[in-house]
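>>> Here is a sequence with its predicted model. Questions after.
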Amino acid sequence: MDRAPIDSALILTTTRIFNRPGMPSPASPLTVVGGLSLFQRTILTLQRGGISRFIVLAGDETEDLQRQLHADGRIRASVRWLPVLEFSPGDPRAWEIFPGLFGASYLVVGTGAVFPASLVTRVRQEAGNGEPLVVVRDVPQPQSRDALNPSTGLRTGSSKPEGRSREPGDLAVLEPSSAEGGVATTLETPATPTLDVDLMVIPEGFTASGWATPQDSPYPVHAAFERAIRQGQGRVLLLGSDWYQDVCAEGTSGPAEAEQTLIRSLKGGLEGFVDRHFNRRCSRWITRWLLRTPLTPNGVTVLATAVGVLASVAFGVGGYAAGVIGALLFQLSTILDCCDGEVARLKFKESAFGEQLDVVLDNVVHIALYAGIAWASYEGNWGPVALLLGGFAMLGNVAAFLVVQQATRMRKGLDPERRRYVESLLNSLVSRDFSVLILAFALVGHVDWFLPLAAIGSNIFWPVLAWQLRSPNTSARA
């Protein structure tokens, strides 16, 4: 019978689960990384991964942690607080009490690291058979002359022979084979993987009375998990494509390094070449600064819009210098337009309203841009033709905006081939690559060359996209 997914977690704020000799002590749960304290980030990550109940083992910082939690409206989970002095992680008797408090299997997590919600989701998916499970970075190679599996780095010749059940000493490894789950591989190996990722699952009965020996002190869970893995009674889940970054109080794994890891983990949506290879590289430096300010993601969106409108004013002034300044300001606006999403994801402040605000204000900037360039061209040597082209560009932009909104709602219901084509069209529209084209025109003193391109391109794009969104019945008749 399938077990219900794990929905509970024990959070350790004063110590690690696993003892790593020579490793600096973990950073305080109040340490800020990426605009949030480690405590907030841990709970929000677990909550996004599907955890809805928490027990927090806290020490001297309990009151500060409670204030943070009560002030954060995003944390909707049930939280219970226990004093670490009475429920010490080094006391086996405390671990005998926890199963009764949860009533089911539960996660154990420390606050001395940052990690993605996708890792929590994988752990919950793989922890349904009642065995203890722990996440590891790597698995030691078994002593064998058989060939290595090039895709996993594991010796395929040491895999469990067909028909043989797992025996004590075999190591069950969950290798990631997809975003949804993993494939279990059993290895015959006397070695125990290094337990250094503070993310594990303790099933019911694992810490029943007498579960630990006197020799297990002062890290009974560490010793018990190593023993379970050696005896073939536990499983390990490889990090795979996920990541896990320790945050230490001192040394090279400090808050700055953890923040860099968080920012590097960010992935944009529909992006062009310039976004991937230039704008995102620049935006991450600005994002690190923005995280230290009180600006919200929507505030960053408004800031990007203000810079974009200022660029359009510069274009409207006309002249070579104003054109170059306008192009540089517009490039800065596109970089800031990357920052709002990065700040939102890092601070867990994504919202449907923020997404729509970003889209609407992007279009405001584009319309202002066309108006500024058209006015300067009109004042120059283009005359009324410039105003006509500017009007067509703005009209095309508004039509494209409306069609894109419809495409965003409909694309999931399209057949695979049409959906791929629609997403390709959307990618070309939302791409900010044309900012570089405007800069190139400005450097040669001809920003006005962009005007006919925008007027023609926008009015070709939206009819093509609208045609792809026609009903399946229309497509069949055609």
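Alright, I've got the coordinates. Residues are numbered from 1 along each chain as shown.
>>> and Trp81, that one's in a strand?
Yes: secondary structure assignment places Trp81 in a strand (DSSP: H, G, I helix; E, B strand; the rest coil).
>>> In contact with the closest residue in space to it that isn't next to it in sequence, which residues are there?
Distance criterion C-beta to C-beta, 6 or more residues apart in numbering; nearest residue to Trp81, sequence neighbours excluded, is Val56 at 5.3 Å. Bear in mind the C-beta positions are built from the backbone N, C-alpha and C, glycine included. Listed by C-beta atoms under 8 Å, 6 or more residues apart in numbering, the contact set of Val56 reads Ile11, Thr13, Leu65, Val79, Arg80, Trp81, Leu82.
>>> So which residues of the stretch 51-200 of the chain form strands?
Along the stretch 51-200 of the chain, the segments classed as strands by DSSP state E, counting those that start in this stretch run 53-58, 78-83, 106-110, 113-114, 133-136, 170-176, 182-188, 199-202.
>>> ok and the first one relative to strand 78-83, angle-wise?
Compare the direction of strand 53-58 with that of strand 78-83 by axes from the mean of the first three to the mean of the last three C-alpha atoms, to 10 degrees and you get 20 degrees.
>>> In the sheet, which strands lie alongside strand 53-58, parallel or antiparallel?
Taking DSSP bridges as the criterion, strand 53-58 forms sheet pairs with strand 8-12 (parallel), strand 78-83 (parallel).
>>> How far does that strand sit from its chain's centre?
24 Å (C-alpha atoms, centre = their mean, to the nearest Å).
>>> returning to that earlier point: roughly how far apart are the residue nearest to Trp81 and Phe87?
As defined by C-beta to C-beta, to the nearest Å, Val56 lies at a distance of 10 Å from Phe87.
>>> With Asp198 instead?
As judged by C-beta to C-beta, Asp198 and Phe87 stand 17 Å apart.
>>> Between the two, which is the more surrounded one?
Asp198 (22 against 17; other C-beta atoms under 10 Å).
>>> picking up where we left off before, any of the contacts of Val56 buried? List them.
Judged by neighbour count, with 16 or more other C-beta atoms under 10 Å as the criterion, the buried members of those are Ile11, Thr13, Leu65, Leu82.
>>> I figured the first one hits Leu44, correct?
No: taking C-beta atoms under 8 Å as the definition, Ile11 is not a contact partner of Leu44, at 12.0 Å.
>>> mind listing the helices for the stretch 201-350 of the chain?
In chain order, the stretch 201-350 of the chain shows helices spanning 220-230, 255-264, 273-274, 280-290, 297-317, 320-346, with DSSP state H, counting those that start in this stretch as the criterion.
>>> shaky segments in the stretch 51-200 of the chain?
Along the stretch 51-200 of the chain, the model assigns pLDDT under 70 to residues 140-172, 174-192.
>>> residue boundaries of the helices in it?
For the stretch 51-200 of the chain, applying DSSP H, counting those that start in this stretch gives helices covering 62-71, 92-102, 117-126.
>>> and among those helices, the most buried is which?
Using mean count of other C-beta atoms under 10 Å, the stretch among the helices of the stretch 51-200 of the chain with the largest mean neighbour count is helix 117-126, at a mean of 20.
>>> Just list what it packs against, helices and strands only.
Applying 3 or more C-beta pairs under 8 Å, 6 or more residues apart in numbering; DSSP states H and E, one finds that helix 117-126 contacts helix 38-48, strand 106-110, strand 133-136, strand 199-202, strand 235-238.
>>> would you turn the ones you listed into CSV with distance to Gly390?
Conversion of the helices and strands packed on helix 117-126 to CSV gives the following (distance: least, C-beta to C-beta, whole Å):
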stretch, distance to Gly390
helix 38-48, 44
strand 106-110, 56
strand 133-136, 57
strand 199-202, 56
strand 235-238, 56
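>>> since we're on Gln356, how many residues are nearby?
One way to gauge burial is a neighbour count; for Gln356, by other C-beta under 10 Å, it gives 11.
>>> which SS state does it fall under?
Note that with three-state DSSP, the state of Gln356 is helix.
>>> Only the buried residues of stretch 294-305, if you could.
Using 16+ other C-beta under 10 Å as the burial criterion, the residues of stretch 294-305 that qualify are Leu295, Thr296, Pro297, Asn298, Val300, Thr301, Leu303, Ala304, Thr305.
>>> separation between the third one and Arg345?
Plainly put, Pro297 is 9 Å away from Arg345 if you go by C-beta to C-beta.
>>> what do you get for the second one?
As for Thr296, its distance to Arg345 is 13 Å (criterion: C-beta to C-beta).
>>> what's in contact with stretch 441-460?
Under the criterion C-beta under 8 Å, 6+ apart, residues 315, 320, 323-324, 326-327, 370, 373-374, 376-377, 380, 382, 386, 389-390, 392-393, 395-397, 399-400, 434, 437-438 lie in contact with stretch 441-460.
>>> Narrow those residues to just the buried residues.
The buried subset of the contacts of stretch 441-460 (16+ other C-beta under 10 Å) comprises 315, 323-324, 326-327, 370, 373-374, 376-377, 382, 386, 389-390, 392-393, 395-397, 399-400, 434, 438.
>>> what are the phi and psi values for the most centrally placed residue in the chain?
Residue closest to the average C-alpha location in the chain (C-alpha atoms, centre = their mean): Leu266, at 5.3 Å. Dihedral angles phi and psi of Leu266 (degrees, to the nearest 10) take the values phi -70, psi 140.
>>> List the contacts of it.
Taking C-beta under 8 Å, 6+ apart as the definition of contact, the neighbours of Leu266 are Arg284, Glu342, Arg345, Leu346.
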